[in-house]
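# dropping the sequence and predicted coords here.
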Amino acid sequence: MVLSTALYGKPAFRNLICNGLILAEYGKKMSKRLKNYPRCMEVINEYRADALRLYLINSPVVRAEPFFEKDGVYGVVKDVFLPCYNAYRFLVQNAKILEMEGFTPFVPIEQYSSKVI
């Protein structure tokens, strides 16, 4: 910034976006040297990739808060994916029961046609 202002009389950039440090569950800085971060593939194998994606979209890190917790991914699974999966299972089970009883869905008499005028 100092060199750009001294040499060209203007700042080197108009906007600056930067991330702070991301802290681990216990408040220490995540570091490769300390190996205090959860392995990505372990989290994916345990909770699946979609749960990790959804957690990261709503995580404190995105809101510029320096915190990542592996249990937050479990919270996404519990609060989002399991209710959706249970609703899907309920629908499939009831559809199979109705199909076995000979239920046919309502078919309207008038069929719509797509005639071009």
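Happy to help now that I have it.
# what distance separates stretch 2-15 from the centre of its chain?
38 Å (Cα atoms, centre = their mean, to the nearest Å).
# quick one: end-to-end distance for it.
Distance across stretch 2-15, first residue to last, is 16 Å (Cα to Cα, to the nearest Å).
# do stretch 26-42 as well
Stretch 26-42: ends 19 Å apart by Cα to Cα.
# that one: which residues count as buried?
For stretch 26-42, a neighbour-count test (16 or more other Cβ atoms under 10 Å) marks Met30, Tyr37, Pro38 as buried. The way it works is simple: take the backbone N, C-alpha and C, and place the C-beta from them, glycine included.
# give me the phi and psi angles of the last one.
Just to be clear, that refers to Pro38. phi -70, psi 140 (degrees, to the nearest 10).
# how close does it get to Ser59?
According to Cβ to Cβ, to the nearest Å, Pro38 and Ser59 sit 13 Å apart.
# contacting residues around the residue nearest in space to the middle of the chain?
Of all residues in the chain, the one closest to the mean position by Cα atoms, centre = their mean is Leu54, 1.2 Å from it. By Cβ atoms under 8 Å, 6 or more residues apart in numbering, the residues touching Leu54 are Val76, Val80.
# and the helix or strand where it lies, what's buried?
Leu54 is part of helix 49-57 when elements are defined by DSSP states H and E. Neighbour counts over helix 49-57 (16+ other Cβ under 10 Å) mark Ala51, Leu52, Leu54, Tyr55 as buried.
# thanks a lot, see you next time.
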